[in-house]
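Peer 1: Any chance you can model this:
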Amino acid sequence: MLRRIIQFFKRLIQRLFGKQPTSPSPVPERLPTRTDTEYEALFLQLLNTVQQGTSRGQVKGWLIGNKVQEAELVAWLQRFGTRLLQTPSQHEELAWRMLALASLDIEELGDVSGRIGRSILEQIAPQTEAETSENREVYPIIEAEFFGDGVTVSSGVNASENVQVYPMIEAEFVGDGVNALMEEAEPALAENSVNSQAQIPLEEPPIIEENSVDFQAQIPLEEPPIIEENPVDFQAQIPLEEPPIIEENPVNSQLEFLQEEPVIVEEISSEIEALFQQGIQQDEAGDFEGALLSFNQTIELKPDHIFVWFYRGNTLKNLGRLEEALESFEQAIKLNPEYADAWNNRGSVLELLERIEEALQSYNLALGLEPNDPYIWNNRGNVLSDLGRLEEALECYEQAIQLEPNYFNALYNRGLSLLNLGQLETALISFNQALEIQPDDPDVWYNRGLTLQNLGQTEEAIAAFEKAKQLQPDEEEI
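Peer 2: I've put the predicted structure just below:
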């Protein structure tokens, strides 16, 4: 069938078009090379940004805005980590900040940062225990035997040197006070009985006001990545523009899960956090059933743990249990209605459930909270494309590329939109840019071949189709 489609386009193009030269790919911008000192200053600035509650998309935007070559930053960070591990006790706070960066799941940069942070803390823990044991005071051991209500000291230690002697008081609770009588009162105290109310003023118990706890002050933000990205190699040819205005849809019954009372978020114990991290590691290793079990156990202990609900939603999505995944993301949103990544992932599940209009609304709400996240722009473009709104979809892909010029999925999707809109030369440029990032993607080669075919460049089109066939030999022969 593909052969018939190609032959049809070939005949059509031969009638309508002449052969045109291939549009050249843009020349990648050369990013600055920095010294170790400059990278250290940039990295510390990034950690301060994360400490203030930055999201994964904002970190990506920060890297792009500062023209940081991620591969070089990771290489420097590994050297920097070796230096830190020589004196771990001096860098405990830095280690916790590096773990906060890792919690955002920013691919290799986050992985290396988390590994160094954990190594520092693991080395600090045994040292702390050793210091505690060394600082314990040593007291003389006294051998004693109990007789009645007293103690007879039988060792050579002089009890008077170590034990302070107080008069024994027989006390009896009367009403709200205590009447205390001395067994053998001193002459100076014989005049009056001892009243505990005179000696120990009764205080009203302090009233503790319970306030709702801002989860952002206690729980570091983390966001799982959906798409693996590569370092920025070049600037896109798209001129900087103001982001398109998104028309917000009125909140209706589709968002009725938000109408419940807000949940008070409490502090997370180290035991619960360890169980949560175990679930994340199982999910990353592909053990989705094990990860789900860990997340469920964490929720039993702490049902208001926002990020457990979020990660649980991702795991359920990987297991194909979409309705449950949707409920999990919506629970995370109930705990924090301003959680942009939860709105984004809710949209992706709704899209898989073919509830396209609801998915678009979810992406709109996510962008209202996080307008500089290229992944949300790309996802919004996908649902607009599904709805046949190709011009709007193209605007979304271009916005995503403006925020992250080396974004493979956005470049590829932009090429598809341009191809469908008949803007062939620009589509070819977009496919060329995508192939610079992932040169072995058969879908890009195939659609590049279609674009070349439509441009009348038959020989190059055939070469592109052959390349796609080599990369995906199981597909129907072209």
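Peer 1: So which bits of stretch 68-88 are buried?
Peer 2: Neighbour-count burial for stretch 68-88 flags 68-70, 73-74, 76-77, 80-81, 84, 88 (criterion: 16 or more other CB atoms under 10 Å). Bear in mind the C-beta positions are built from the backbone N, C-alpha and C, glycine included.
Peer 1: Repeat that for stretch 391-411.
Peer 2: For stretch 391-411, by 16+ other CB under 10 Å, it's 392-411.
Peer 1: Any stretches of the stretch 201-350 of the chain with poor pLDDT?
Peer 2: Within the stretch 201-350 of the chain, the stretches with pLDDT under 70 are 201-268.
Peer 1: Spell out the residue ranges of the helices in it.
Peer 2: 215-218, 270-284, 288-301, 306-318, 322-335, 340-352 (DSSP state H, counting those that start in this stretch).
Peer 1: Show me what the second one packs onto, helices and strands only.
Peer 2: Going back to what we said before, that points to helix 270-284. helix 288-301, helix 306-318 (3 or more CB pairs under 8 Å, 6 or more residues apart in numbering; DSSP states H and E).
Peer 1: neighbours of residue 36, just the number please.
Peer 2: By other CB atoms under 10 Å, 11 other residues sit near residue 36.
Peer 1: go on, residue 380?
Peer 2: Neighbours of residue 380 under the rule other CB under 10 Å: 28.
Peer 1: which non-adjacent residue is nearest it?
Peer 2: residue 363 (4.1 Å; CB to CB, 6 or more residues apart in numbering).
Peer 1: Let me know how buried that neighbour is, in neighbour terms.
Peer 2: So residue 363, with other CB under 10 Å, has 28 neighbours.
Peer 1: these two touch, right, it and residue 379?
Peer 2: Yes: the pair residue 363 / residue 379 is scored as a contact, 5.6 Å apart, by CB atoms under 8 Å.
Peer 1: overlap in contacts of the two?
Peer 2: Shared contacts of residue 363 and residue 379 (CB atoms under 8 Å, 6 or more residues apart in numbering): 344, 347.
Peer 1: Strands along this protein, start to end?
Peer 2: 144-147, 150-153, 169-174, 177-182, 194-195 (DSSP state E).
Peer 1: With residue 422 as the reference, measure out to residue 445.
Peer 2: Residue 445 is 21 Å from residue 422, where distance means CB to CB, to the nearest Å.
Peer 1: Comparing the two, which shows the higher neighbour count?
Peer 2: Using other CB under 10 Å as the criterion, residue 445 and residue 422 rank with residue 445 on top: 23 against 8.
Peer 1: Could you check how far that one is from residue 401?
Peer 2: In terms of CB to CB, residue 445 sits 20 Å off from residue 401.
Peer 1: Now do the helices in the stretch 351-478 of the chain.
Peer 2: Going by DSSP H, counting those that start in this stretch, the stretch 351-478 of the chain shows helices at 356-369, 374-386, 390-403, 408-420, 424-437, 442-454, 458-471.
Peer 1: Does anything pack onto the fifth one? Which helices or strands?
Peer 2: Put plainly, it is helix 424-437. helix 408-420, helix 442-454.
Peer 1: average pLDDT for the last one?
Peer 2: When you say that, I think you mean helix 442-454. When pLDDT is averaged over helix 442-454, the result is 95.
Peer 1: next one: the first one
Peer 2: Mean pLDDT, computed over helix 408-420, is 96.
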